[in-house]
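**Student:** structural data only, the sequence is not supplied:
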């Protein structure tokens with residue numbers, strides 16, 4: 001259902017106050033706020049984190065190792081997964097002291113329902129089961145460890161679960177255990193997929209930041 005256009009415009013205007021933008025632009029970022037008018041979504045990233053520029057997505061993907069043992073190449077797997085529309089991360093600056101340090105990160109992927117038509121699922125629950133199976137093939141030792149009761153944000157039903165996997169990266173000598181919180185929703189003909197990554201092994205906690213981020217989400 002969403003919060004309604006009038007309320008969404010009011011919240012967007014408040015989030016973008018002081019920012020000079022072209023009214024025709026669909027996406028705007030103002031300090032901690034992210035507003036996507038085309039997709040009807042607004043949220044705030046954690047304070048002092050940074051948004052990653054779209055032009056840098058390629059570098060990020062090239063450094064993470066995925067799909068070990070699959071016939072498809074890493075490039076083919078990334079192409080099939082698609083790019084997120086937004087990435088917010090704690091250590092967004094490229095500094096020597098961050099080398100080998102896992103950066104808590106939030107990503108948002110949005111997929112039109114029509115792109116997944118005919119794949120053998122009719123509900124979001126069925127899609128999630130298929131998605132988890134595919135993720136387990138891409139991320140090493142991926143497993144879901146806790147599921148939550150569904151809840152509502154902007155009158156939209158959200159599903160949430162916690163998972164873990166081994167993060168493999170060119171800067172790491174060995175795989176690193178990472179904790180993943182996943183939020184999924186279906187709204188206005190799109191599937192929304194939020195992924196919140198942190199590493200307790202490296203003491204890179206972001207549970208509080210993830211909860212504050214979740215509370216900031218608004219859907220039109």
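**Tutor:** In hand now; what should we look at? Computed from a prediction, not measured in an experiment: that's the story for all the values here.

**Student:** pLDDT wise, what is residue 134 at?
**Tutor:** The pLDDT attached to residue 134 in the predicted structure is 79.

**Student:** tell me which element it is part of?
**Tutor:** Following DSSP states H and E, one finds residue 134 within helix 124-138.

**Student:** next structured bit after that helix?
**Tutor:** Scanning the chain past helix 124-138 towards its C-terminal end, the next helix or strand to appear is strand 140-147 (assignment: DSSP H and E).

**Student:** which residues does that following strand contact?
**Tutor:** Residues from elsewhere that reach strand 140-147 (Cβ atoms under 8 Å, 6 or more residues apart in numbering): 68, 132, 135-136, 160-166, 168, 175. Bear in mind the C-beta positions are built from the backbone N, C-alpha and C, glycine included.

**Student:** what's the spacing between the helix holding residue 134 and its chain's center?
**Tutor:** Using Cα atoms, centre = their mean, to the nearest Å, the mean C-alpha position of helix 124-138 is found 15 Å from that of the whole chain.

**Student:** show me what that helix is packed against.
**Tutor:** When contacts are defined as 3 or more Cβ pairs under 8 Å, 6 or more residues apart in numbering; DSSP states H and E, helix 124-138 packs onto strand 140-147, strand 156-169, strand 176-187, strand 190-198.

**Student:** pull up the pairing partners for whichever helix or strand comes after the first one, direction included.
**Tutor:** If I follow you right, that is strand 140-147. Using DSSP H and E, the helix or strand that follows strand 140-147 towards the C-terminus is strand 151-153. Taking DSSP bridges as the criterion, strand 151-153 sits next to strand 156-169 (antiparallel) in its sheet.

**Student:** any idea how far apart the tips of stretch 94-114 sit?
**Tutor:** Its start and end residues considered, stretch 94-114 measures 38 Å (Cα to Cα, to the nearest Å).

**Student:** next, count neighbours for the closest residue to residue 220 other than its chain neighbours.
**Tutor:** Leaving aside its chain neighbours, residue 220 sits nearest to residue 40 (2.9 Å; criterion: Cβ to Cβ, 6 or more residues apart in numbering). Other residues within reach of residue 40, judged by other Cβ atoms under 10 Å, total 19.

**Student:** quick one, what contacts residue 150?
**Tutor:** Residues near residue 150 by Cβ under 8 Å, 6+ apart: 157-160.

**Student:** if we use 10 Å, what do you get?
**Tutor:** Residue 150 is in contact with 124-125, 157-160, 184-185, counting by Cβ atoms under 10 Å, 6 or more residues apart in numbering.

**Student:** of all these, which comes closest to residue 102?
**Tutor:** For the contacts of residue 150, the minimum distance to residue 102 (Cβ to Cβ) is 21.7 Å, reached by residue 160.

**Student:** relative to residue 50, how far out is the closest one?
**Tutor:** Residue 160 is 25 Å from residue 50, where distance means Cβ to Cβ, to the nearest Å.

**Student:** before we move on, what about residue 92?
**Tutor:** Summarising the geometry, the distance separating residue 92 from residue 50, computed by Cβ to Cβ, is 3 Å.

**Student:** more neighbours, these two?
**Tutor:** Here residue 92 and residue 50 are set side by side on neighbour count (other Cβ under 10 Å), and the busier one is residue 92, at 19 against 16.

**Student:** does that one touch residue 98 like I think?
**Tutor:** Yes. In this structure, residue 92 is within contact of residue 98 by Cβ atoms under 10 Å, at 9.3 Å.

**Student:** wait, which of the helices and strands packed on helix 124-138 is closest to residue 105?
**Tutor:** Proximity to residue 105, assessed across these by Cβ to Cβ, is greatest for strand 190-198 (4.7 Å).
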